[in-house]
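# With the sequence up front, the predicted model follows.
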Amino acid sequence: MKKVFFSLKEAVINGAAGLTIFSILLGFIVGAVVLLLAGFNPIEAYGAIIRGIFSKPKYMSYVVIYSTPLIMTGLSVAFALRTGLFNIGAEGQFIVGSLTAAMVGYFVHLPMMLHVPLCILSAMAVSAAWGGIAGFIKARHGVHEVISTIMLNWIALYLLNWAVTIQSFGQRGTGKSHMIQQTARIDLFGQWKITPEGIDFIRSHKILGDILKSPVNTGIIFALVFAFLVWFILNRTTLGYELRAVGFNPHTAECSGINVNRSIITSMSIAGALAGAAGGLQVLGVSYRVAKLAAMEGYGFDGIAVSLIGNNTGPGSVFAGFLFGGLKYGGSKIQDAVGAPTEVINIVVGTIILFIAMPKLIQLLLRRGGRWK
Amino acid sequence: MIDITKKFGDVVANNHISLTIHKGEVHALLGENGAGKTTLMNVLYGLYRPTTGTIRINGKAVSIRSPNVAISNGIGMVHQHFMLVEPFSVTENIILGNEPTRAGGIVDMVSAEADVMRLSQEYGLSVDPKALIEDLSVGSQQRVEILKTLYRGAEILIFDEPTAVLTPQEIQELVTIIKNLTAAGKSVIIITHKLKEIKQIADFCTIIRRGEHIDTVEVDKVSEEELASMMVGRQVSFKVDKPEQQAGAAVLEIKNLRVVDKRGIAAVNGLNLQLKKGEILGIAGVDGNGQTELIEALTGLARVQAGSIQVNGQELANQTPGTIRTNHKVGHIPEDRQKRGLVFEFDVAENLILSSYNTSRFSTFFILLRAAIYSNAEKLIKLFDIRPANAKITAKSLSGGNQQKMIIAREVSSNPDILIAAQPTRGLDVGAIEYVHQTLVEQRNRGKAVLLISFELDEIMNVSDRIAVIYEGRIVGEIKAKEADEQQLGRLMAGCSL
Ligand SMILES: Nc1ncnc2c1ncn2[C@@H]1O[C@H](COP(=O)(O)OP(=O)(O)OP(=O)(O)O)[C@@H](O)[C@H]1O
Ligand SMILES: [Mg+2]
């Protein structure tokens, strides 16, 4: 028994998972301190978050909806990071993907079984090119991907803002595009919900009806499939092997005959495709259109946090995406419940990342802690 | 050091080892690859905490929690991989973390440089205090590392395989430096696999085998052969068994090769060379005469400016490293194993397929065949005696010598027509060297060609069939290995004609 405990402790001290869990705890503690200093009761505030997530089936359904794009952009950042590339550009790739999906979803008329895949695939293809550009100019001209993707983010934003002003695509004067066709939507029972039977059903079924009050959609299924694919590609295919080798040690990769430049372009393209799918799924499942952006929405940037918390793996991104999605949705409720600013949640997330970025410090703290006992 | 035990998970790297160092002595640590020498020294230097055991310095028990504690207790360490800031000057590197300041926190470079000069004269460590690290040779960088420890007041200096990266001339200089240090009352602990060096400089030698203390002997009272067999636990032969063999047709033909180095100077300039099937061709030469650039050109890592490299009649110059490996079947054991030879974060099995992951043995339709990859690893681990025998540990946790064995296993098992072996036995123990030499000879016996580049004249003379001497980017002489003698080679390497 003691041995089991000891090895558990070792795993926590040395392993990535232990580090993450400990960092999350620390994040919440720091958040609590901030709340205390600001004159709020942290237990009440955290209680409000937990109630805001779990007290109604509808809330949980919202958390899933919030988490879906975060998981996807998290996967995008994680994928690039495994090849040693920092994809700040998930934001722009997300925008380009959502724009593409909105266009294909509005202009093209097809049966659903074809329309949905076409929207997602074209969003992925265009965003793959968008990410690939950054990969290409890094491979070819040595321009760092952080710089090029930041610039591409702004280009994407203004491209979108221009696109919604196009006569045939945008609704005049609203800054919004037309809604995509019904056949391109991935919501569940969206049409049926507003029929008399649907309304009846929602009234009479407590749990299912409550869930249906949220814009439920199949996006999460896509996200889970993509998470599996990312894990599979990275760990089970020759492509993933090459990309990881380049990420860990480009010199050895080159010397072993791996084409480093091609790997950089491939990795950025796949990362772009994942962020593009995130944008596409958001349009097909939640917003049904794109609208003019005054500023970045932050899905891509949140993806960086998700990836880091999830230790840059497929399964990790799913876990971290849900955590982040839950905090984002549940955290939005503490304003009403205890009057504390929602920004506290950003402090919690920021602290978690700070601690994850300092594994040495955490290990030291844990060792010290071990000796006190 | 008393009764030191250090475990990494299940691996016992040090098992109740005790070691006593007296003032003014040179104490050598000898042991096979993975025996636990580096680990023991890292414990002494505060990089690892011992699982159990105590350390006493001048009779006082100390708990060395970090290198800073070690330094303040007068312990300094010169690592095998230097820890210097390249764009900084010699003085800046030496005072780093310990800067003398004038009023207002301004670094007092004048007095710092004077201190460095004084120290370097005192111990015969000639360096230019103003030179930048990146412009210095490996030997000079090592002297800077030594000065750094002395500047911080080291009384016990630890050297981890200091001679592995040095040329024979630089080794002689280091020997003089160590003698000066001990004459001034400092103590030196030195890890080396070269028995000759132990005989030359050490007073005592402690032998470690598989984490256990075997014996501590007075060096004068034992022979090299005795040391070797104590360390390996069996007799080691220093001679390479090599049947007579007629070399076949030429496989590699280099004509008028010209390659420039990083600074744009022609490091290889008009080099001609021919390598035949079934022979081992040794390239002898002093470091910096174009060996690195020659290897890089042959493997596609550096651009060829002019001339041709033909393998079986096909041009290979300026092709990608991938094409050269797969289409022309050229294997490569790189000179710098940590930079180019392995991926630290990959496990042993993954490292063992780096040059063949996309062959049908290890993948179908882009899917990795994990069962094949791991059974391949089990096989190679056994064959090449990689320790610990575990395919799933990361390359980072292998000892230096076992990392090298892993690379050699990979390159030899990919069965290349031409094997370019650069410093293949650097950092290996005598037992492992014996095995690697046998492996190279086996390649040759099977009709493959081996190009051996080494700074060790003994190795070149023992293993090669033919020796080519490189000087200033050109081959200045070729001799049959059987007819070669050291003096003659030495003269050629210094640029004199026969
Ligand atoms: N950080 C680590 N994690 C896990 N195992 C380790 C680690 N460092 C060393 N080991 C293991 O401890 C043992 C001793 O390694 P060490 O580096 O001390 O050997 P060494 O005697 O210096 O060998 P070499 O001559 O090859 O340098 C080896 O089995 C090695 O795999
Ligand atoms: Mg070692």
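That came through fine. Ligands and ions are numbered 1, 2, ... in the order given.
# Break the chain into its domains for me.
The chain I'm using is chain A. The record's domain split for chain A, according to automatic domain parsing, is A:1-38+A:341-373, A:56-339.
# looking at chain B here, not the other one
If you go by automatic domain parsing, chain B breaks into B:2-232, B:250-493.
# and among these, the most buried is which?
Mean neighbour count (mean count of other C-beta atoms under 10 Å in any protein chain shown) peaks for domain B:250-493 among the domains of chain B, with a mean of 20. (Each C-beta comes from the backbone N, C-alpha and C, glycine too.)
# Could I get the average pLDDT for the host helix or strand of residue A:113?
Assigned by DSSP states H and E, residue A:113 belongs to helix A:112-141. Mean per-residue pLDDT for helix A:112-141: 96.
# Just checking stretch B:81-88 against ligand 2, any contact.
No: with C-beta under 5 Å from the ion as the criterion, ligand 2 is not reached by stretch B:81-88; the gap is at least 10.7 Å.
# Let's check: the centremost residue of chain A is which one?
residue A:70 (1.8 Å; C-alpha atoms, centre = their mean).
# Does that residue touch residue A:307 like I think?
No: at 9.9 Å, residue A:70 and residue A:307 do not qualify as touching, with contact defined as C-beta atoms under 8 Å.
# burial count for residue A:294?
With neighbours defined by other C-beta atoms under 10 Å in any protein chain shown, the count for residue A:294 comes to 9.
# In which helix or strand does it reside?
Applying DSSP H and E, one finds residue A:294 in no helix or strand.
# so how far is residue B:119 from it?
Per C-beta to C-beta, to the nearest Å, residue A:294 is found 63 Å from residue B:119.
# Repeat that for residue B:275.
47 Å.
# Highest mean neighbour count out of the domains of chain A?
Among the domains of chain A, ranked by average contacts under mean count of other C-beta under 10 Å, first place goes to domain A:56-339 (a mean of 21).
# Can you get me the start-to-end distance on it?
End-to-end distance for domain A:56-339: 21 Å, by C-alpha to C-alpha, to the nearest Å.
# same deal with stretch B:79-91?
With C-alpha to C-alpha as the measure, stretch B:79-91 spans 19 Å from end to end.
# for that stretch, what is the average pLDDT?
Stretch B:79-91 shows a mean pLDDT of 84.
# who touches it?
Stretch B:79-91 has contacts (C-beta atoms under 8 Å, 6 or more residues apart in numbering or on different chains) with B:38, B:92-93, B:96, B:109, B:112-113, B:116, B:127-134, B:136, B:141-142, B:144-145, B:147, B:160-162, B:164-165, B:338, B:400, B:427.
# contacts with ligand 1 among these, please.
Restricting the contacts of stretch B:79-91 to those touching ligand 1 (C-beta under 6 Å from any ligand atom) yields B:38, B:400.
# In helices, which of the contacts of stretch B:79-91 fall?
Among the contacts of stretch B:79-91, the ones falling in helices (DSSP state H) are B:38, B:92-93, B:109, B:112-113, B:116, B:141-142, B:144-145, B:147, B:400.
# Kindly state the pLDDT recorded for residue A:195?
Looking at residue A:195, its pLDDT reads 83.
# separation between it and residue B:433?
Applying C-beta to C-beta, the value for residue A:195 to residue B:433 is 82 Å.
# Over to residue B:181?
Residue B:181 is 28 Å from residue B:433, by C-beta to C-beta.
# what do you get for residue A:169?
72 Å.
# Please name the spatially closest residue to residue A:207 (chain neighbours excluded).
residue A:57 (5.0 Å; C-beta to C-beta, 6 or more residues apart in numbering or on different chains).
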